[in-house]
Each structure stands twice: as structure tokens, then as C-alpha cells.
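Engineer: I would like the atomic coordinates for the input below:
(2 chains)
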Amino acid sequence: MRSVAHSLLLWRRPTPLLTLAVCSILALIPLSRNAEWITFCITMMNLIVLTYSLNMVVGLTGYLSFGHVVFWGLGAYTAGALVMATGGPIGYNPYWIVPLGGVVSLVFAAAVGYPTMRLRGAYFAIATVSINVAVQTLFFNLERLGGAEGLPLNRALLRLTDRVTPAYYVLLALLFLAFWTHYGILKGKAGYGLRAILNDEDVAETMGVNATGYKVAIFAAAAFFAGVAGAAWGIFQNFVDPDNFRLGISVDLFVIMMLGGVGTALGPLVGGVIYYVIRDLLILRFPYLHLVIFGVVIVIIVLASPGGLIGTLRKRHRQLRAVLE
Amino acid sequence: MDLLLAQAIANGLLIGAIYGLAALGLTLVWGIMDVVNLAHGEFVLFGAYLTFVLFSQRGSLGGLNPLLSLLVVVPAGLLFGAFLYRALLRRVVGQPALTTLLLTFGLSILFNNVLLNWFGPDVRIVRWAQSSLVIGGVALPWTRLIAFALVIVVALCLFVFLQRSYAGKAIRAVMQDAEAAAALGIDTQRVLTTAFAVGTMLAMVAGVLVSVALSFSPANGVQFSVTSFVICVVGGLGRPLGAMMGGIIVGLVESFTGVFITQAYTPAMVSLLLIGFLLVRPVGLFGMAER
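Structural biologist: Model prediction:
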């Protein structure tokens, strides 16, 4: 542990160069042409990006966005609806339009965030669940977009030869951006405003922090990441359906976020990898057992170490504070 | 059309009463310790599955009448609630909403997946008294009528308990002002334990009624939690009467959506009801403005 801590200290903080280096190593994985590995990484990165998105809201403002997966689903459906718009095979690479999925989620988040972020605590939490359920119900019944059966995209994606590799790079880029956005917010002026809101919103407002502005802005920015990830996921899966709004996905995100450490910039990454390893070890023999274990883990984390892994490490090892955020 | 309307009202009333009973427990706990128990829906499921197990087993107790299973469920709920409060909830009362919500969220995942491991994802039903009373063409299933009568009995018992007994009066006192109650010599921790035990027990009793009047599976846990929450908001926080009225309103909204729009839209309509109330009248029908 000591030596790990010391070697981490060499860098002092996660410099852009260092993270770029890590990313370029990760960028080599698709060259292996091992489909199983690449798919595994895509699934994992997708959840990690989503957790970053969630962590930006929960970790930075303290508002529990239980229905966060709604932004992911909207992104997926945006991509699906756009590629299917012409009805025939599309001539361009569909991955170019994934940012539009993010834009739709961003606009939606700003629109619903403005009224709902005035609610606090459980009221906000359940309101987000309600919005998620309402949107899911809408898509269940939207026959133009496939209704409950979902919308297969293979007719539009006929000319797309490689669905997997671009998805990998889109998600890797998103992961890089999400980390730096979170880190930048923590270190920048916005971080002070958000921390003030997290500690005591009324006091923050009295001191001149534009609480509503900050909250809605971070909510919309977080939704953008979830939307882009959703759009990439939809094209990668060749299929979008109302399951993209499943509340169970939010459960995974909360487990990952709390394992790593709520509000920390590295937490989602660390939590995501641990979550995936444990889940993969258990899921074949006991399909639901990993969730029982994670339920216990959440209870223990809340009671014993609210900072998760990263938060606890930061507390225990003073010298790690500069490195781990 | 009139018959359809009458049937929709009857269904809404009968189902809504069960929802109301489930929400009673949530509103009691929420009102007294400011903890929104996200595992509340799982407590309802515990009651339902306990009844199911007692009803469908083949041993000496084989085919236990669901009403008799109340004799098991009530003490089990009280003990389970008291244990949970003493072991876990006690540690987070008074902490920020983030902490209490995440703790009960973890419990909800835990309990739900224990049920999923144990019973699988299948939809279950307790096949008991499967016939209906027909009045002027409106069918009233006996199970739901019995459930409705039981809801009234339990709600009256709760009312008498809160108004007359020492423990009930102490609960109301702590709900109004915990510090003043403590200053007058009321053992707050003990009162909170009682309140949580009673709240858990009410949810599990609602689960018994769910098991005979509706179908259920582990997937319904979130739904019961959210529905109970909506009812608490509609009825007003910490108001037992409000919870009953809120339950009936939600039941009617669900059954009217099912009859006049389409069953598929009921979750969305309940969500809209919640958002509408939060925006227009956040204190609910029977709630008072913030102190």
C-alpha cells in the first residue's frame, strides 16, 4: 500500500498528459480484435460514463437523481429515431450523430430541472423517478417508435460495417471528457458554489450563490453525457426499446458511485471496475446474488464510510489527497 | 356507460383503500423521524410473500387462511420493524436526506433481491375466495370487500392507538416537537422504535391484503414505495386520514385511467398526479403550511 501511495505521489495530480497516456493505452484494446473483450469494455465504460453523469448531480449538489437513466434512454431513442428517419439505409456513419442524443437529453434536463430542482430531499428523488416512469410509459405506447417491442435499427444501419470499434472510441472519449469535466468543476469556481449548495443551500443563496442556476446547469451538463452514451449504446446494440429507461440501471449506477466514493472524480472509474469484476464472478451461477451483496455494501458504506473507497483512502492517507480527487 | 363508471369507482375505492393502508405506515414514519423509507414497498411484499408461503405450504399449517396469517404477520412486522430501527435506522435519524435516503435505498435493493433469489421473478397470487358479489351489475370481488373492511378496522385501531394509548400519544407528541417531548420525560428513542415498528407492521398487513386482492412479484416493490410516497404527498405528510383519502384518490385515478384511457398509462398518470401536487399544493390535501 505504501509503495503504491508513493508511486502515485510522483504525479501529484492527474495531469492531462497522464490521463491522455492512460487513454491511449486503453485505445489499443480494439486492435486485439477480441470481440468479447471489446464488448466487455464498452459495457463497462457505458456504465462508468453514466455514473459520472449521476455523480455530477448527486455528488456535487446532494440532489438524489433516482431516475437518472431517463437521459440515457432519451439519447438512445434520439439516435434511433434519427437514423430511422429516412426509412432506408443511411449513407453516413451513425456515430457522427451521437452528440445530438446528448443535446436532446440536455434540453430535456434543463426543462424538467428548472421546476423540479426547487424540490428537496425525497421530493426531488421521487419526482425524478416519476419523470422516468412517465417517459418510459410514453415510449411503451409510442407505436411510431416501436412501442413496447422496441425499434430495430438494422434497416438503417445496413451499410455500417463495424458497429463495435467506433462505439468503443466514443465511450472512451466520453470517459475522458467526463473525468475532466468533473475534475475541472471540483477545482474551479463552480466547485465552490456547488460545495456551498451541498453543505447548506439556504446559506449559499444568502451569500449570493445562484443556487438554481448552478443546479440546473450541472443537471443539464450531466444529462448531456448520459445522452451521448445512450445514443452510442443504441447504435452499438442496433436496437432501442423501453428497457433503456429501466429503473434497475439506476440501481447499478448508485452502487458504482457509492463503492467508488460519492462526489469524487475517480470514484466512478474505480467503483465501476470493482462492480463489474464482482458482478461477472457471480452472475452466471447466481443471477441476483450480486445485488443482495451490493445492497449490504450500500448499507455498510452509508453507515461506516460515506466517502466510499476513494473518500476513505483520502481520509486515511494524507499524502494521497493531492492525487485522488 | 353508467355501469362502467360505477365499476371504475368501485374498483378504485377498493384498491385505493389497500394503497392507503400501505401509505399509512410510510406517512407515520416520515412524519415522526423525517425519514422517507424507500424500502417501504419491500415491507409490503414481505407481508404478501409471508401470506403466500403460509397459504401454499403443505405441512400441518397447510393452506392457512390468509386472514389467519395476520396472526403471524402482525407480530412479525412489529418485531422486524423494531429490530431494523434499533440496528440501523437509529444511526441515521436526524442526518441529511442524502444519508437516510441512501440507507433505505440500500435496504430496498437488499430486501428486493432476497425475495428475487428466494421466490424468483414470477408473479404470484393467493387463490382464495375467488368469487364476486354482484350488485346491480357491478362486480365486487369478495377478497377486495374483505380487504376493504379490514382496512377500516386497522385504520380505526390505529386511530384509537394514536388518540388513546400512552404510546400513541407519545408518538404524536414527538411528531409535533421532539425536543419538547424529550424535555417532558418522553423516551424519544423508544417512541421512534414503536413508530417504526408500527409503520412496518402496517405495510406488512397491507401486504396480506395485496396478496389476496392483487397479484404481486418482487418487481412491484418500487411501485408500492412510489405509490405510497405519492399518497403521502397527496394526503399531506404525517396525516393518517390524509393517507387514507390519498390512497382512495390514487386508486380512483388508476382505475379511471384503466377504464377510460388505457391501462398502459396508469403509471404515467400517477406520476403526473405527484408532479401536479408538488407544483401546485406541496403540503397535500390535509397538510398544514411549513412551521
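Engineer: how near is residue B:49 to chain A?
Structural biologist: 15 Å (Cβ to the nearest Cβ, to the nearest Å). In short, each C-beta sits where N, CA and C put it, glycine included.
Engineer: Need the contact partners of stretch B:172-192.
Structural biologist: Stretch B:172-192 is contacted from outside by B:31-33, B:85, B:90, B:93, B:162, B:167, B:170-171, B:195, B:238, using Cβ atoms under 8 Å, 6 or more residues apart in numbering or on different chains.
Engineer: so of those, which ones are in helices?
Structural biologist: B:31-33, B:85, B:162, B:167, B:170-171, B:195 (DSSP state H).
Engineer: Which positions in the stretch 51-200 of chain A make contact with chain B?
Structural biologist: For the stretch 51-200 of chain A, the residues in contact with chain B (Cβ under 8 Å from any Cβ of the partner chain) are A:58, A:62, A:64, A:66, A:115-116, A:119-123, A:125-127, A:129-131, A:133-134, A:136-138, A:140-141.
Engineer: could you flag which of those residues are buried?
Structural biologist: A:58, A:62, A:64, A:66, A:116, A:119, A:121-123, A:125-127, A:129-131, A:133-134, A:136-137, A:140 (16 or more other Cβ atoms under 10 Å in any protein chain shown).
Engineer: Now residue 201: closest residue in space, sequence neighbours ignored.
Structural biologist: Defaulting to chain A. residue A:211 (5.5 Å; Cβ to Cβ, 6 or more residues apart in numbering or on different chains).
Engineer: try again with chain B
Structural biologist: residue B:77 (3.4 Å).
Engineer: buried residues in the helix or strand harbouring that neighbour?
Structural biologist: Assigned by DSSP states H and E, residue B:77 falls within helix B:70-87. Buried residues in helix B:70-87, counted by 16+ other Cβ under 10 Å: B:70, B:72-74, B:76-78, B:80-82, B:84-85.
Engineer: One more: stretch B:12-21?
Structural biologist: B:12-21.
Engineer: my guess is the residue nearest to residue A:201 contacts residue A:204, does it?
Structural biologist: Yes. The pair residue A:211 / residue A:204 is scored as a contact, 5.7 Å apart, by Cβ atoms under 8 Å.
Engineer: For the two, list the residues in contact with both.
Structural biologist: residue A:197.
Engineer: From the contact counts, what lies against the helix holding residue B:77?
Structural biologist: The helices and strands touching helix B:70-87, judged by 3 or more Cβ pairs under 8 Å, 6 or more residues apart in numbering or on different chains; DSSP states H and E, are helix B:40-56, helix B:188-213.
Engineer: any chance of these in JSON lines, plus mean neighbour count?
Structural biologist: Below are the helices and strands packed on helix B:70-87 laid out as JSON lines (neighbours: other Cβ atoms under 10 Å in any protein chain shown):
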{"stretch": "helix B:40-56", "mean neighbour count": "25"}
{"stretch": "helix B:188-213", "mean neighbour count": "25"}
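Engineer: Would you agree residue B:65 falls within a strand?
Structural biologist: No. Judged by DSSP: H, G, I helix; E, B strand; the rest coil, residue B:65 forms no part of a strand; its state is coil.
Engineer: Distance-wise, check it relative to residue A:291.
Structural biologist: 34 Å (Cβ to Cβ, to the nearest Å).
Engineer: which one of these two has more residues nearby?
Structural biologist: residue A:291 (24 against 13; other Cβ atoms under 10 Å in any protein chain shown).
Engineer: can you give me the helices in the stretch 151-300 of chain A?
Structural biologist: For the stretch 151-300 of chain A, helices defined by DSSP state H, counting those that start in this stretch occupy the ranges A:164-187, A:189-199, A:201-206, A:211-237, A:247-260, A:267-283, A:289-304.
Engineer: Which residues are in contact with residue A:197?
Structural biologist: A:61-62, A:204, A:209, A:211, A:214-215.
Engineer: Which members of those residues are the farthest-apart pair?
Structural biologist: A:62 and A:209 (13.7 Å; Cβ to Cβ).
Engineer: got the residues of the stretch 201-325 of chain A near chain B?
Structural biologist: A:247, A:251, A:254-255, A:258, A:286, A:288-289, A:291-292, A:294-299, A:301-303, A:306.
Engineer: Low-confidence regions, the chain specifically.
Structural biologist: Picked chain A for this. Of all residues in chain A, those with pLDDT under 70 make up the ranges A:1-14, A:319, A:322-323, A:325.
Engineer: wrong one, chain B
Structural biologist: In chain B, residues with pLDDT under 70: B:1, B:59-62, B:288-291.
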